[in-house]
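Novice: Need the 3D shape of this:
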Amino acid sequence: MNRRRFVQSGLAAAVVASLPAKQSIAALLNLTTEVSADVPAIRGDGAQVILKQSAVQDLSNSLRGQLLLRGDEGYDRHRRVLYPEYDKYPGLIVRCAGSADVRNAINFARADNLLVAVKCGGHGAAGMGTCDGGMMIDLSLLRNIRVDPIARTADVSGGSLLGHMDHDTMAYGLATTAGTVSHTGVAGLTLGGGFGRLARRFGLALDNVLGVDIITADGEFRRANKDENPDLYWGVRGGGGNFGVVTSFKFRLHPMQRQVVRARFTFPGSEAKSVLNFFAEYSENAPDNLYVSGGIAARPNGLGVAISIIYSGPLDKAEDFLAPIRKAGTVAAEDVRTLDYVFVQKMGDNTDIRSVAASKSGFIEALTPQLVDALIGGMEPHPDRSHSVAFQQSGGAIGRVAADATAFPHRDSKSNMLCGVRWPFGEEGGEHRAYVEEYWKNIEPHTMGFYTNDMLKESQGTVNLNYLGNYRRLVEIKNKYDPSNLFRRNANVPPSV
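Specialist: Prediction:
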C-alpha cells in the first residue's frame, strides 16, 4: 500500500471511529447509494415495473443529494409525512440537493412513467407527498432563503419551510403572507393558495410570487414570471404541483413591525349562538390589518366557543378592536399579549386543527344565522373525542384580486371553514369518522368549493369544478407542460391530449 493511500485510509478509519453509532460514513462523505438489485416500482397508471439495478445505480451516481431505497438507513425517516395514517413505502426516495438533482429525478421517473410524489414539508392533508411503490422527490435538502432588503424581495428555495422565511425576512422588518404553522412547506402552501395571518393585508402567498424557477415534466428548467412563460406563471399560482417541481420562488416583501397583538377570548358554550353571530359581523367589518379567527368545539366536558385576533396595525389602536369582543358575551378566559410576529407564527405548530384524525373543509361567503344553527345543532360532546370547527379568515386584499388573475379562483370567500375530530391514539376511530361525515352533510350545503391544500378524498369531477372558470385554461397549460400527467398526486388537472 502506498503512503498516500495508507494515510487516507487511516484518516477515514479515525473519522468513522469518532462517529455516533447512528451516523453513517455515507451521510458524512455524501457517498452514493450502492444499488445491489433491481428495484420493483409502480407506474402512474398503477402498473408494476422492475427498475434495472444499473439504471437505478446511474441515478444514484448522478445525485449531489441522496437516493434512498427500502432498507437503507434514513429511508423510514424520510418516507413519512405529517399525518401518521399515510404510512406508505415509496419504491425510491430522491433527496434533492439542487435543481440538477430534481431534473435527474424527473427524467428518470418520466422514462418509466413512475408514480411521482413531491414532498416539501409533508403537510398535505391528503398525503400526496408520499406514495406506495413510486418515486418520492424529497426537497428537504433544498432549503435556503436570500433576502434583498433594498429590493424588498426574497429568493426562497423550493424545500424551505415557512418558519425559515419568516425568520429571515423579519430580520429586516419585512414580511409576506406565510401560513399559520411554521413547519409547513413554502411550496405546497404557495402553489395551492397561501392563507395566513397577513393575507388580508398583503394578499395570499401566491399573490406575492413575482416568479418561480421550475423543472417541468419534460425535465426542462424554466423561469416563469410576467415576462417569461407567463402562462406557466399564471398556472402555478393556484394550480398546485400539476406542472413540475418549483426549485425557487421570488417573493415580494412588505415593511411590517415585528410586534403584533395576539388576543384570544373564550366564552361558555351556552352563549355559542350569540357569540358566533357577533363573530360573523365583527369579522366582516375588520380592517385589512386585523386577522380574526374563531370557532366552536365540543369536548368531553361540553361546548365552548372562542374568538382570536392577530392585529398588525399601530399598537396604540389595538384596544379599539379588543373592546367590542369583551362585550360579545361572558368572557370565561382572556389572553391578550403583544408578541414578536415570528413567535406568533410558531404558536399553532402543535395545535393546528388540520393535524387531526379526521377533517373536512370548505369556503363560505358568509357565516349566516342558518349556518350558525347548523354548526351548534349537530355538535355532540362525547367522552372519547374532541370535535371543533374553526374559521380561517380571508377577504381584505385577497378579495380585491380578480378570480381569473391567477389560477386560484375563490376570491369571494370570507372564510375557510375547517372541521376536525380527534380521538385517543390507538383507537380505530370508525365511530368518530362516521360522526364527522354525518355532521358535515348538514354543513356542506353552506360551502362554496374548498381549499385544495386541505383537500382529502374528492372525486375528479369535484376537483375539476373547484377550479371554476379557470379549469379550461389549466387544462391547456397541463397539455403543454405535462401531457403524460407525470405530476398527478395533487388537486389534479388531467391533460386532454
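Novice: what bits of the stretch 351-497 of the chain have low per-residue confidence?
Specialist: For the stretch 351-497 of the chain, the stretches flagged by pLDDT under 70 are 351-358.
Novice: Please repeat the previous calculation with a cut-off of 50.
Specialist: 353 (pLDDT under 50).
Novice: Helices of that one, start to end?
Specialist: 369-377, 430-443, 460-466, 471-481 (DSSP state H, counting those that start in this stretch).
Novice: and the angle for the longest one with helix 369-377?
Specialist: The reference is to helix 430-443. Helix 430-443 and helix 369-377 are oriented at 160 degrees to each other (axes from the mean of the first three to the mean of the last three Cα atoms, to 10 degrees).
Novice: What residues sit buried inside helix 430-443?
Specialist: By neighbour count on 16 or more other Cβ atoms under 10 Å, the buried set for helix 430-443 is His432, Tyr435, Val436, Tyr439, Trp440, Ile443. C-betas here are computed from N, CA, C, even on glycine.
Novice: Would you tell me which of the helices of the stretch 351-497 of the chain gets closest to Ala318?
Specialist: Closest approach to Ala318 among the helices of the stretch 351-497 of the chain (Cβ to Cβ): helix 369-377, 27.1 Å.
Novice: then that closest one to CSV, C-alphas only?
Specialist: Only the C-alpha atoms of helix 369-377 are listed here, as CSV (Å, rounded to 0.1, in the frame of the first residue of the first chain):
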residue,chain,number,x,y,z
PRO,A,369,-77.5,32.6,11.1
GLN,A,370,-78.6,29.4,9.4
LEU,A,371,-75.0,28.1,9.3
VAL,A,372,-74.6,29.0,13.0
ASP,A,373,-77.7,27.0,13.8
ALA,A,374,-76.4,24.0,11.8
LEU,A,375,-73.0,24.2,13.5
ILE,A,376,-74.4,24.2,17.0
GLY,A,377,-77.3,21.8,16.4
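Novice: which residues are in contact with it?
Specialist: For helix 369-377, contacts defined as Cβ atoms under 8 Å, 6 or more residues apart in numbering pick out Ala272, Lys273, Leu276, Asn277, Ala280, Ile296, Leu303, Ile364, Val389, Asn442, Ile443, His446.
Novice: Give me the subset of the residues you listed lying in strands.
Specialist: Members of these lying in strands (criterion: DSSP state E): Ile296, Leu303, Ile364, Val389.
Novice: and the two most separated of these?
Specialist: So, these by Cβ to Cβ: farthest apart are Leu303 and Ile364, at 20.3 Å.
Novice: returning to that earlier point: now list the buried members of the contacts of helix 369-377.
Specialist: Buried among the contacts of helix 369-377 (16+ other Cβ under 10 Å): Ala272, Lys273, Leu276, Asn277, Ala280, Ile296, Leu303, Ile364, Val389, Ile443, His446.
Novice: Tell me, how many residues neighbour Asp112?
Specialist: If you count neighbours by other Cβ atoms under 10 Å, Asp112 ends up with 18.
Novice: Tell me if I'm right that it and Asp45 touch.
Specialist: No - the criterion here is Cβ atoms under 8 Å, and Asp112 misses it with Asp45 at 11.1 Å.
Novice: before we move on, the earlier item: distance to Cys120 for the ones in strands among the contacts of helix 369-377 - can I get that in JSON lines?
Specialist: Supplementary listing: the ones in strands among the contacts of helix 369-377 in JSON lines, determined by distance: Cβ to Cβ, whole Å:
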{"residue": "Ile296", "distance to Cys120": "32"}
{"residue": "Leu303", "distance to Cys120": "37"}
{"residue": "Ile364", "distance to Cys120": "28"}
{"residue": "Val389", "distance to Cys120": "28"}
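Novice: what's the burial count for Val156?
Specialist: Neighbour count of Val156, defined by other Cβ under 10 Å: 30.
Novice: That one: what's its closest spatial neighbour, skipping adjacent residues?
Specialist: Nearest residue to Val156 in three dimensions, chain neighbours excluded: Phe249, at 4.7 Å (Cβ to Cβ, 6 or more residues apart in numbering).
Novice: The one you found bridge partners, please.
Specialist: Beta-bridge partners recorded for Phe249 (DSSP bridges): Val156, Val212.
Novice: tell me the contacts of it?
Specialist: So, once contact is read as Cβ under 8 Å, 6+ apart, Phe249 ends up touching Asp155, Val156, Gly158, Val186, Ala187, Thr190, Val209, Gly211, Val212.
Novice: From Leu191, how far off is the nearest residue to Val463 once chain neighbours are set aside?
Specialist: Excluding its sequence neighbours, the residue lying closest to Val463 (Cβ to Cβ, 6+ apart) is Ala491, at 5.3 Å. Distance from Ala491 to Leu191, counting by Cβ to Cβ, to the nearest Å: 10 Å.
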